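Colleague: Structural data only, the sequence is not supplied:
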């Protein structure tokens, strides 16, 4: 036990990358095991689902996106067995969702059931978690934020265009209504003029008869 701990310490002290990796692994294990020895190692009960969503969908869904997707996935996976935790990595370009079960059997059933399945029009790739990969990609956070900002801007432009199109359609409809009203008024005026002409003609005829 002591030798292994010493080796881990040496590995952590070698460089920043190794140190961060070690910390991420420790954190993942801490979250997975919860400090209890009788709980199975997370890599044996955690399924990774790739392709569950696109960044555009996550951005359009706003802050509620991850919570709603977690609820949906948890409800679906609970049919297979007890679900300990569902996590949606909304900023991950591969659309990652992880599902941690209490036992291995439902995790394997989830793996078989979800791999190759389509979810929201996306083909899913499912595999067991390797025990150390973190899907919080810090290196790409800035890039992802820029992409997200650009996507939100494009989304806003699209909404604006839709609003303009709707306004133009409404204006056209108003113009058509006004044109119809003008035509109706003209027809009424013409009808009134015709009626007046008829009255005059009748009066003249009456005069001639006398």
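Modeller: Received it, and whenever you're ready, just let me know what you need. From a predicted model like this one, the values you see are computed outputs, not experimental measurements. Numbering: from 1, shown residues only.
Colleague: In the chain, what residue spans correspond to strands?
Modeller: For the chain, applying DSSP state E gives strands covering 46-50, 83-89, 96-101, 118-119, 122-123, 125-128.
Colleague: so which of the ones you listed comes closest to residue 149?
Modeller: Closest to residue 149 of the strands of the chain is strand 83-89 (Cβ to Cβ; 18.6 Å). (Glycine included, C-beta is placed from N, CA and C.)
Colleague: quick one: contacts for residue 47?
Modeller: 98, 99, 100, 101, 107, 110, 111, 114, 126, 127, 128, 129 (Cβ atoms under 8 Å, 6 or more residues apart in numbering).
Colleague: who does it bridge with?
Modeller: Beta bridges link residue 47 to residue 99, residue 128 when assigned by DSSP bridges.
Colleague: Can you tell me how far it is from residue 158?
Modeller: Going from residue 47 to residue 158 by Cβ to Cβ, to the nearest Å gives 35 Å.
Colleague: Reformat the strands of the chain as CSV; add mean pLDDT.
Modeller: Below are the strands of the chain laid out as CSV (pLDDT from 0 to 100):
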stretch, mean pLDDT
strand 46-50, 96
strand 83-89, 95
strand 96-101, 96
strand 118-119, 90
strand 122-123, 90
strand 125-128, 96
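Colleague: Of the ones you listed, which is nearest residue 136?
Modeller: strand 83-89 (6.9 Å).
Colleague: what angle do the closest one and strand 96-101 make?
Modeller: Using axes from the mean of the first three to the mean of the last three Cα atoms, to 10 degrees, the direction of strand 83-89 lies 170 degrees away from that of strand 96-101.
Colleague: Give the other helices and strands that strand 83-89 contacts.
Modeller: Counting contacts by 3 or more Cβ pairs under 8 Å, 6 or more residues apart in numbering; DSSP states H and E, strand 83-89 packs against helix 64-77, strand 96-101.
Colleague: which regions of the chain lie under the pLDDT threshold?
Modeller: 1-39, 137-144, 192-210 (pLDDT under 70).
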